[in-house]
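Novice: Mind folding the following:
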Amino acid sequence: MRRDTLGAVAGCIFCAIVAGGAPATIVDEDAATISFMDIRPWQRGHVLVVPRRHYANLLEIAPDDLTSAFAAAKRLTARIKDRLGADGVLVLNSCGQAAGQVVMHFHIHVVPMSGEPLPFPRSQRRTGAADRVAAAGALRVGGDASCQGSRLSK
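Specialist: As a prediction, this is how the structure comes out:
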């Protein structure tokens, strides 16, 4: 398979893997993505999917490359369930260091899961309806802070 290094960033380990300059156990590749085993797996069969072009995170990746990356993640999810017998598959992207991103090259974790799910950090406190409506208003297209058309849940 052709190794496209366009947009490679010096010092990026994932760019080096894409270019063939760093070792990796590759499990899938196409024109836009390459997928390889994580060297620090959370579970047996933990795979990383990366675009061949360098993008630091979800906010930078081009829509076509994002689509290709998730198509690869979907292929691997099916393979993991079929060939490794996983009960489920965790598909995860962290955007930025505060979210746990370590390598600043967009990537998707595809992790086989069986038994108990991973404990995601969850708050024990529930936010009030006013807090949820305010956050929803900030997130709406155009920043519409009104709750018109919203259903409030307590």
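Novice: Tell me how far the residue nearest the centre of the chain lies from residue 69.
Specialist: Closest to where the C-alpha atoms of the chain average out (CA atoms, centre = their mean) is residue 93, at 2.3 Å. Distance from residue 93 to residue 69, counting by CB to CB, to the nearest Å: 9 Å. Where C-beta positions appear, they are placed from N, C-alpha and C, glycine not excepted.
Novice: okay, and the common contacts of the two?
Specialist: Shared contacts of residue 93 and residue 69 (CB atoms under 8 Å, 6 or more residues apart in numbering): 106, 108.
Novice: Just give me how far stretch 104-123 sits from the chain centre.
Specialist: The chain centre lies 9 Å from the centre of stretch 104-123; the measure is CA atoms, centre = their mean, to the nearest Å.
Novice: List the buried residues in that stretch.
Specialist: 104-113 (16 or more other CB atoms under 10 Å).
Novice: Take the residues you listed and keep only those in strands.
Specialist: 108-113 (DSSP state E).
Novice: Who are the packing partners of the helix or strand bottoming out on mean pLDDT in the chain?
Specialist: Ranking every helix and strand in the chain by mean pLDDT, DSSP states H and E puts helix 129-139 at the bottom, with a mean of 86. Using 3 or more CB pairs under 8 Å, 6 or more residues apart in numbering; DSSP states H and E as the contact test, no helix or strand touches helix 129-139.
Novice: residue boundaries of the helices in the protein?
Specialist: 13-19, 63-84, 129-139 (DSSP state H).
Novice: before we move on, the earlier item: need the buried residues of stretch 104-123 in CSV (columns: distance to residue 97).
Specialist: What follows is the buried residues of stretch 104-123, written out as CSV (distance: CB to CB, whole Å):
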residue, distance to residue 97
104, 8
105, 13
106, 14
107, 14
108, 17
109, 16
110, 21
111, 20
112, 26
113, 25
